[in-house]
Structure formats: C-alpha cells, structure tokens
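Novice: everything below, folded, please.
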Amino acid sequence: MGGGGLNTFAPVAHAEPMISLDNAMNAADLRAWADRVARGLGGQAVRYVAELKIDGLAMSLRYERGELVQAATRGDGRVGEDVTANVRTIADIPHRLTVPDGGLPDVVEVRGEVYMSAAVFAELNEQYLAAGERPLVNPRNAAAGSLRQKDPAMTARRRLSFWPYQLGQVEGGPPFATHTDTLAFIAAVGFRT
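Specialist: From the prediction side, this is the model:
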C-alpha cells in the first residue's frame, strides 16, 4: 500500500470515550457483575449476547457518508492515535460501507479489535527464524507494534485482522434497541462478525 512512511501519529479525540472492559476472574466476580447489571436495569429482564474475546488492540473506525475517514487507537480512552494509513492495509476493514436497507448513518464509528491470528503469527515467526531474525514475542504485541509502523507497507506484511464488537458515535442512523441489532447492522455494512 502506497507512499512514504509516516513521521508521527496525530492525536485523535474520541467523540465518545472508548472505555475498557472489567475483568471477571472467577464465578464470584461474574455473579457480582451480573447483579450490578440487573440493578442497573431496574427490574427489566436481562438478556445477554455472548461473543468471543479477541486479544488485540482496541480500534475505532470512523466512517462519514460510508467512507472510512479515520482509524484511531483507544489510547487513554479519551484520546488515541491516528493510524488510518496502517489500518487501510487490513483486509477485514472495508474502505467503504455497503448500504443496508434503511440507509447508512451520516457518521458511524465501528469499534473492535485489531489482532494477529495465531496462524499468521506462527508463519511469520517461522520466516523470521529461517532468516536469522528475532521472532515476534506474542500475537497481541505483534499486532500493536504492526500498527505503530511508520511505513504502512510494513503493516500490510503483518496481515492483521479486525473483529468488530460495537458502535461508538452514530449520527443520522437507525436506532439500535439491542446489541444483537447492533451486530446485525455491523455485518450488514460489510464487516465479519
């Protein structure tokens, strides 16, 4: 993918904060979390959606009128870094969203994880070892380091993937009553969910 290298990663203020997930390390932690959810809903029935947890780097993809205009890391949750040029090299990320029934929001942020698959990690390490180079330490760090490359062509060689899991800012779009509705929308506009 084109052009010269990047000199810096500009700061990006998130329109909506990118909060991190809490950990539940045992059954008691999970029960305590479920109790907090139930209390927060004030007696409404609780429905859950279970998803895979991908260990990667949190990413926010901003689309305006269907075009990818910015990709930003989570950073501190309020301000991340602009890694758009590198993210454009990831095959799982559409540069233009398809239009589902009911139209496309004027602005939509798709959030998820950029990661390196175990198969790509193993293959790259075989290549590095065969060439006498230092292997990658683990897939998560390899993905994060790949996005911080100054040259997008180097990022492209790392063959990263993207797993979307939620929306951030949405302007002018359909209402989403459930998380299942959100995931269906993300799939309808061109992402693998």
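Novice: which stretches of this structure form strands?
Specialist: Applying DSSP state E to the chain gives strands spanning 11-13, 57-64, 67-73, 79-81, 107-115, 161-171.
Novice: can you lay out these as CSV showing mean pLDDT and distance to Arg47?
Specialist: Every C-beta, even on glycine, is put in place using the N, C-alpha and C of the backbone. As requested, the strands of the chain are arranged in CSV below (pLDDT from 0 to 100; distance: least, C-beta to C-beta, whole Å):
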stretch, mean pLDDT, distance to Arg47
strand 11-13, 95, 33
strand 57-64, 97, 25
strand 67-73, 97, 31
strand 79-81, 95, 31
strand 107-115, 96, 21
strand 161-171, 95, 16
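Novice: of those, which is nearest Asp92?
Specialist: The closest of the strands of the chain to Asp92 is strand 161-171. By C-beta to C-beta, the value is 4.2 Å.
Novice: and the residue nearest in space to the middle of the chain, how far from Asn26?
Specialist: Among the residues of the chain, Gly112 comes closest to the average C-alpha position under C-alpha atoms, centre = their mean, at 2.3 Å. Separation of Gly112 from Asn26 (C-beta to C-beta, to the nearest Å) stands at 27 Å.
Novice: same check, this time on Arg158
Specialist: To Asn26, Arg158 is 35 Å away according to C-beta to C-beta.
Novice: and these two? Which one has more around it.
Specialist: Just comparing Arg158 and Asn26: by other C-beta atoms under 10 Å the higher neighbour count belongs to Arg158, 20 against 8.
Novice: what sits against the closest residue to the more buried one other than its chain neighbours?
Specialist: Nearest non-adjacent residue to Arg158, counting by C-beta to C-beta, 6 or more residues apart in numbering: Ser146, 3.9 Å away. By C-beta atoms under 8 Å, 6 or more residues apart in numbering, Ser146 lies in contact with 86, 116, 154-155, 158, 160.
Novice: cool, and Val83?
Specialist: Contacts here follow C-beta under 8 Å, 6+ apart; on that basis Val83 touches 9, 59, 71-73, 147-148.
Novice: list buried residues within those.
Specialist: 9, 59, 71-73, 147 (16 or more other C-beta atoms under 10 Å).
Novice: could you dump the residues you listed to JSON lines with distance to Glu123?
Specialist: Listed next are the buried ones among the contacts of Val83 as JSON lines, based on distance: C-beta to C-beta, whole Å:
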{"residue": "Phe9", "distance to Glu123": "27"}
{"residue": "Met59", "distance to Glu123": "23"}
{"residue": "Ala71", "distance to Glu123": "25"}
{"residue": "Ala72", "distance to Glu123": "29"}
{"residue": "Thr73", "distance to Glu123": "25"}
{"residue": "Leu147", "distance to Glu123": "19"}
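Novice: what segments of this structure are helices?
Specialist: For the chain, the helices defined by DSSP state H cover 27-40, 84-87, 118-130, 139-147, 152-157, 179-188.
Novice: which one of the strands of the chain lies closest to Ala38?
Specialist: strand 161-171 (21.0 Å).
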